[in-house]
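A.B. asks: all I have is the shape, not the residue letters:
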């Protein structure tokens, strides 16, 4: 499969478009990392409790790198572009004061409508099967996505993607094995796994939707649909699971329109910074 990375140099891309794209990647990593971290101390067995905690840290580590890069991009924007980029009042006040913003500001001071994560990633941990299904859908996508992003013309994004590939490969192996274990397990585990797959399926299309910003600076997500579908189909066949028949897909996260679940995530994630602005440890 040929890479769909754009041949233009990063300097030929609009600064705002490149920043938007970087934030999208960072938000995906932060939100899925936070969701998985909710299993810390609650995993079904100790080994998997530790495995998911480590996976959450992998995602959060990638989020940090991406937010650092996004903050650097933002601070280099002209003043008029900075004032229009975010709608969150807390960030607008910080920007108006002339202060530079950092990675923590991007994670802690934006409101839900400034987040660009895929809707799939904010869906709750209803049970172990839902967590496994959500991770498998996203891990399969990431495995293909970061392979191509690792040869992006944007050197920083390419380096982050290349570093992430080892982690992403492990994440996919973990979630794939659990899909098969639950799907081809007991009647109860099979039923729960199929239910989770059916309920989350409508959120997967957003991962693979055409995205002009992504096409400009990284990877054409739509071009990954067939290889992603092949991975899902092969694993479901081994797990004795049925591929959902529905073709209608829910979207909006990439444009700041989210489910109610993101609000609860941010209320928990941002509480300390909101309650004690500017606090340092």
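C.D. replies: Arrived safely, thanks for sending. Note that the structure is predicted; figures quoted are calculated from it, not measured. Numbering: from 1, shown residues only.
A.B. asks: point out where the stretch 101-250 of the chain drops to low pLDDT.
C.D. replies: Along the stretch 101-250 of the chain, segments meeting pLDDT under 70 span 211-218.
A.B. asks: so where do the helices sit in it?
C.D. replies: Secondary structure of the stretch 101-250 of the chain (DSSP state H, counting those that start in this stretch): helices at 103-108, 128-149, 155-183, 187-200, 212-217, 225-239.
A.B. asks: what does the pLDDT read for the nearest residue to residue 124 once chain neighbours are set aside?
C.D. replies: Nearest residue to residue 124, sequence neighbours excluded (CB to CB, 6 or more residues apart in numbering): residue 261, at 5.7 Å. Quick note: C-beta positions are derived from backbone N, CA and C, even for glycine. Predicted confidence (pLDDT) for residue 261: 95.
A.B. asks: need the next SSE after the strand or helix carrying residue 261, C-terminal direction.
C.D. replies: Here residue 261 sits within helix 260-269, counting by DSSP states H and E. Next in sequence after helix 260-269, counting helices and strands by DSSP H and E, comes helix 271-275.
A.B. asks: who's in contact with that next one?
C.D. replies: 90, 104, 108, 109, 279 (CB atoms under 8 Å, 6 or more residues apart in numbering).
A.B. asks: just checking, the fourth one touches residue 93?
C.D. replies: In other words, residue 109. No. With contact defined as CB atoms under 8 Å, residue 109 does not count as touching residue 93 (9.1 Å).
A.B. asks: rewinding a little: show me what the helix holding residue 261 is packed against.
C.D. replies: helix 15-37 (3 or more CB pairs under 8 Å, 6 or more residues apart in numbering; DSSP states H and E).
A.B. asks: just want the angle from the helix it packs on to helix 260-269.
C.D. replies: 80 degrees (axes from the mean of the first three to the mean of the last three CA atoms, to 10 degrees).
A.B. asks: helix 15-37: which residues count as buried?
C.D. replies: By neighbour count on 16 or more other CB atoms under 10 Å, the buried set for helix 15-37 is 18-37.
A.B. asks: which one in the protein is furthest away from the centre?
C.D. replies: The centre of the chain is farthest from one residue, residue 187, which by CA atoms, centre = their mean lies 31.6 Å away.
A.B. asks: how long is stretch 248-256 end to end?
C.D. replies: When the termini of stretch 248-256 are compared using CA to CA, to the nearest Å, they are 20 Å apart.
A.B. asks: now tell me what touches it from outside.
C.D. replies: Taking CB under 8 Å, 6+ apart as the rule, stretch 248-256 contacts 24, 112-119, 121-122, 202-206, 209, 211, 258.
A.B. asks: sorry, back to before: just the buried residues of the contacts of helix 271-275.
C.D. replies: Buried among those by 16+ other CB under 10 Å: 90, 108, 109.
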